[in-house]
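Colleague: Pasted the sequence and its predicted model underneath.
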Amino acid sequence: MILKRHIRPALVRLGVTKKIGWHSFRHGLPNQLRQDGVEIKTVQELLRQTNSRITLDIYQRSVTEERRAAQALAVKGLLEK
């Protein structure tokens, strides 16, 4: 009911037209919280995971800006050698 009564109406107010299910929300939330600067331990507790390793390994993808920066460093390192 939380998804139907609260999350989906909030997404509509934000202009999100894609239908979001509970699974998508649960996997997207850690990434958004991380982008907003929330500590991983706090995210783990919000998701009610037993430890932060599960949160990091399963529920969190790398943030796009961080991924691009890492790729740029890798390429730079390869080209300098």
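Modeller: Thanks, I have it. Numbering: from 1, shown residues only.

Colleague: all contacts plus neighbour counts: C-alpha atoms, from now on.
Modeller: OK.

Colleague: Residue 46: neighbour count?
Modeller: By the criterion of other CA atoms under 10 Å, residue 46 has 11 neighbours.

Colleague: Let me know the helix or strand that it is in.
Modeller: Residue 46 belongs to helix 40-47 when elements are defined using DSSP states H and E.

Colleague: Please enumerate residues in contact with the very next helix or strand once past that helix?
Modeller: Using DSSP H and E, the helix or strand that follows helix 40-47 in sequence is helix 52-54. Taking contacts as CA atoms under 8 Å, 6 or more residues apart in numbering, the residues outside helix 52-54 that touch it are 40-41, 44.

Colleague: out of all of them, which helix in the chain is the longest?
Modeller: Identified as the longest helix of the chain according to DSSP state H is helix 64-80.

Colleague: Helix or strand for the residue nearest to residue 17 when sequence neighbours are not counted, just tell me which one.
Modeller: Closest residue to residue 17 apart from its sequence neighbours, by CA to CA, 6 or more residues apart in numbering: residue 11 at 7.7 Å. In the assignment (DSSP H and E), residue 11 maps to helix 8-13.
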